[in-house]
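Student: Please find the sequence and the predicted model below.
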Amino acid sequence: MTQKEFLSELQKRSGMDRQMCSALLSATEKLMVEEATMLVPVRFEGLGEFVPTKHPEYIDQNPETGQSVLFPPRISYRFHSEVEL
């Protein structure tokens, strides 16, 4: 599902207008990014939890040129569902 499709479905199910749904998604995204930088899990009651993990920077070689490349640290999310499918 694309963001546009998700936004349309959220609008349909919530009864909110498109602008309000877009603002809600934007605020949720900003909140998740802020919490991720502090490595705080984000939990949605009845749905599940997004758990951030910080990966350290590392050096690897470009297979074509053989040059060393520095990859910066990054944060990824793992989703733990509360819903049984």
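Tutor: Arrived safely, thanks for sending.
Student: Now do Ala27, the pLDDT please.
Tutor: As predicted, Ala27 sits at a pLDDT of 93.
Student: What segments of this structure are strands?
Tutor: 42-44, 48-55, 58-61, 68-71, 74-81 (DSSP state E).
Student: looking at these, which is closest to Thr28?
Tutor: Among the strands of the chain, the nearest to Thr28 by Cβ to Cβ is strand 42-44 (8.7 Å). Quick note: C-beta positions are derived from backbone N, CA and C, even for glycine.
Student: From the contact counts, what lies against the closest one?
Tutor: Packing partners of strand 42-44 (3 or more Cβ pairs under 8 Å, 6 or more residues apart in numbering; DSSP states H and E): helix 18-37, strand 48-55.
Student: Using a markdown table, lay out the strands of the chain together with distance to Ser14 and mean pLDDT.
Tutor: Formatted as a markdown table, the strands of the chain follow (distance: least, Cβ to Cβ, whole Å; pLDDT from 0 to 100):
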| stretch | distance to Ser14 | mean pLDDT |
| --- | --- | --- |
| strand 42-44 | 15 | 90 |
| strand 48-55 | 19 | 93 |
| strand 58-61 | 42 | 95 |
| strand 68-71 | 40 | 96 |
| strand 74-81 | 21 | 92 |
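Student: For those, give me JSON lines that also has mean neighbour count.
Tutor: JSON lines is the format used below for the strands of the chain (neighbours: other Cβ atoms under 10 Å):
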{"stretch": "strand 42-44", "mean neighbour count": "14"}
{"stretch": "strand 48-55", "mean neighbour count": "14"}
{"stretch": "strand 58-61", "mean neighbour count": "9"}
{"stretch": "strand 68-71", "mean neighbour count": "10"}
{"stretch": "strand 74-81", "mean neighbour count": "11"}
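Student: Output these as a markdown table; include the columns distance to Ser8.
Tutor: Output for the strands of the chain, formatted as a markdown table (distance: least, Cβ to Cβ, whole Å):
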| stretch | distance to Ser8 |
| --- | --- |
| strand 42-44 | 20 |
| strand 48-55 | 23 |
| strand 58-61 | 40 |
| strand 68-71 | 36 |
| strand 74-81 | 22 |
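Student: circling back to that earlier point, can you lay out the helices and strands packed on strand 42-44 as JSON lines showing distance to Pro73?
Tutor: What follows is those, written out as JSON lines (distance: least, Cβ to Cβ, whole Å):
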{"stretch": "helix 18-37", "distance to Pro73": "11"}
{"stretch": "strand 48-55", "distance to Pro73": "6"}
